[in-house]
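predicted model and sequence follow; I will ask about them next.
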Amino acid sequence: MEEQTEHKYLPNYLEYRGKYKGLAGWLTTTDHKRIGLLYFYSMMVFFLAGVVMGILMKLELISPGEQIMGAQVYNGLFTLHGLTMIFLFVIPGVAAVYGNFFLPILIGAKDVSFPRLNLMSWYLYIIGAIVVLTSQFMGDGPPDTGWTFYAPYSLKTQTNVVAAVTGAFILGFSSILTGLNFIVTMHRLRAPGMGWLRMPLFAWALYGTGWIQLLATPIVGITFLMVIAERLLGIGFFDPAIGGDPILYQHLFWIYSHPAVYIMILPAMGAITEIIPTFARKTIFGYTAIVISSMAIAFVGYFVWGHHMFTSGMSSTSRWVFSLLTFLVAIPSAIKVFNWTATLYKGSINIKTPFLWAICFIFVFMIGGFSGLVLGSLATDIHVHDTAFVVAHFHYIVFGGTGFAFFAALHYWYPKMFAKVYNPKIANLGLFIFFVGFNLLYFPMFYLGMIGMPRRYYDYLPMFHNANILSTIGSWIMATGLLIVIINLVRARRGTGKEVNDPWDGKTLEWTIASPPIVENFEEIPVVDHGPYEY
Amino acid sequence: MSDEKIHISPYKSHIMVLLGLIVLTVITVLITSVEMGPYNTTAAMIIASIKGAIVLLYFMHLRFDQKIYGIMVAIVVAIFAAVIVVTFFDYLYR
């Protein structure tokens, strides 16, 4: 590579000047790396807004009674927090940022198959986000349904549900088009010699995710249209008063929204699977098993949605079938964890910041996973359904899983994306504080749920007070850790830093090219003659 | 790509498909006036499936394309069908 750049100067993607300069250059780019960064910056804005909302909710819950907001504001706030975090951060999440940036590089391609469609996906994402956010200020007040828009309440509330679901509908298109783009890219643009079983496992995770995005998202799109049709035209799909079935709404919503959990977590697992072998200095244990488990999660995860509905009035036969399927999906997830730990076994472990984020991911993901089995089991689910236990569980999975993997991937690929190196000591300190705060924030909620504290209330009985204080303090500690992490990365981005092409001695293709990568990644498409993790 | 055969459909077949879709739409509307209980839904779903199949086979060229695409679509349809079956499993046993 160095020899080639001596002959010809090839601008990197950050300094490249196309038809337009500056902001216009970014807003009209079709370079997958720039689009990845467009997603990154916009998602970070939404993520930080979601964090602020979460901290405000925890502040309200520091003590029984009204503290800083009343019931209606709290209802609107947890709805907006859910919408922002789910639809604007974790669903596009790891796939939209690192998938866009690294998928073509990992498979030895110059870009994705449909670069313009890729840019259009980002615009749809931004338009959807604007519509969702303006729903807070238009019409008759912010939606108070929770991010699930459960019928018949979502049909009867006077708040601005139509705009919010329209925004979610538009966001769905962004997700479908990204999934389609990634699937076609992997089918058509792999480098010569890169057979399917030579693809890095992050790419495989994106492949499974792409299929879920493509097949599941249209269902929630239609469901949202049905909600709009029912609200505006009075067609009786879900409201029993006009002949509808509210449980049908829950079926349709969760047919998408449970696989959506895998849209969030599969790319996260893929990123962790890249990090573990790099820092264990050892080839990944059970490559094929991980590939199969990714596809098995994508497939089985499609048929477990009913575990969100055990107390909804669904038939008892369906309940045990869904419970059984839920336990089955734990198997491929566990296979991944066993493979990561087996990879570490007898490895020459290089303890660096991305690795620390990755093992923290495994820790919190395991707590989330095991608490999920409590919810997947019919008897225990009835005890903890709609309590703080559920909130703790999904924050361990969604934030603990996707959030930790997002930052693990950011610290791993940061030197490649920006050709800058962050301060590792401050990064580790930030992680430590974040990790302590995260557990202090969410772990007490397991206890609160077990003793019966319901979710989605701005007030609670005095018996829940002590654990809520701990949880609120945890939110402050976690936010402090997050600030340290972000400031450290921003300082590194602004600083001069060191330009290094391969700081971790990685073996996948992104570490063979310059940092930051040139516009079309490779001057010549590489020929691949070995697997991705040969140490 | 260059060695792949390109199939160009004649206008006649497109017009036949269009007419077929219009006729099936009219039947979908008319059939609602015949009282068949739950079978009204079944009839509507069957007609919609036939329309979908025609669009896939002719408008989207699946009939003239490589077999692999047909297999991929079949897998997608099978998954979708399984989702429908699992959903209605609940209604059957409720």
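Done, it's in.

which parts of chain B sit against chain A?
Those residues of chain B that sit near chain A, judged by CB under 8 Å from any CB of the partner chain, are B:76, B:79-80, B:82-83, B:86-87, B:89-94. C-betas here are computed from N, CA, C, even on glycine.

can you redo the residues you listed as JSON lines with secondary structure, pLDDT and neighbour count?
Output for those, formatted as JSON lines (DSSP: H, G, I helix; E, B strand; the rest coil; pLDDT from 0 to 100; neighbours: other CB atoms under 10 Å in any protein chain shown):
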{"residue": "B:76", "secondary structure": "helix", "pLDDT": "89", "neighbour count": "13"}
{"residue": "B:79", "secondary structure": "helix", "pLDDT": "89", "neighbour count": "16"}
{"residue": "B:80", "secondary structure": "helix", "pLDDT": "88", "neighbour count": "15"}
{"residue": "B:82", "secondary structure": "helix", "pLDDT": "91", "neighbour count": "12"}
{"residue": "B:83", "secondary structure": "helix", "pLDDT": "91", "neighbour count": "19"}
{"residue": "B:86", "secondary structure": "helix", "pLDDT": "89", "neighbour count": "20"}
{"residue": "B:87", "secondary structure": "helix", "pLDDT": "90", "neighbour count": "17"}
{"residue": "B:89", "secondary structure": "helix", "pLDDT": "86", "neighbour count": "17"}
{"residue": "B:90", "secondary structure": "helix", "pLDDT": "90", "neighbour count": "23"}
{"residue": "B:91", "secondary structure": "helix", "pLDDT": "88", "neighbour count": "14"}
{"residue": "B:92", "secondary structure": "helix", "pLDDT": "87", "neighbour count": "10"}
{"residue": "B:93", "secondary structure": "helix", "pLDDT": "87", "neighbour count": "13"}
{"residue": "B:94", "secondary structure": "coil", "pLDDT": "83", "neighbour count": "13"}
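
so how many other residues sit close to residue A:511?
Residues lying near residue A:511 (other CB atoms under 10 Å in any protein chain shown) number 18.

okay, residue A:6: pLDDT?
On the pLDDT scale, residue A:6 is placed at 53.

hang on, isn't residue A:298 packed against residue A:266?
Yes - applying CB atoms under 8 Å as the test, residue A:298 and residue A:266 come out as touching, 6.7 Å apart.

quickly list what's touching both of these two.
Common contacts of residue A:298 and residue A:266 (CB atoms under 8 Å, 6 or more residues apart in numbering or on different chains): A:208-209, A:212.

Serialize the residues you listed to CSV and add fields for pLDDT and distance to residue A:399.
Shown next, in CSV, are the shared contacts of residue A:298 and residue A:266 (pLDDT from 0 to 100; distance: CB to CB, whole Å):
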residue, pLDDT, distance to residue A:399
A:208, 94, 21
A:209, 95, 18
A:212, 92, 20
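
neighbour-wise, which of the residues you listed leads?
Neighbour-wise, these (other CB under 10 Å) top out at residue A:209, 32 neighbours.

residue contacts, it?
A:95, A:99, A:179, A:182, A:262-263, A:266-267, A:298.

export the helix or strand hosting residue A:25 as PDB, just CAs?
Assigned by DSSP states H and E, residue A:25 falls within helix A:22-27. These are the backbone C-alpha positions of helix A:22-27, laid out as PDB (Å, rounded to 0.1, in the frame of the first residue of the first chain):
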ATOM      1  CA  GLY A  22     -18.000  21.600   3.000                       C
ATOM      2  CA  LEU A  23     -21.400  20.800   4.300                       C
ATOM      3  CA  ALA A  24     -22.900  20.400   0.900                       C
ATOM      4  CA  GLY A  25     -20.200  17.900   0.000                       C
ATOM      5  CA  TRP A  26     -21.200  15.800   3.000                       C
ATOM      6  CA  LEU A  27     -25.000  16.100   2.400                       C
END
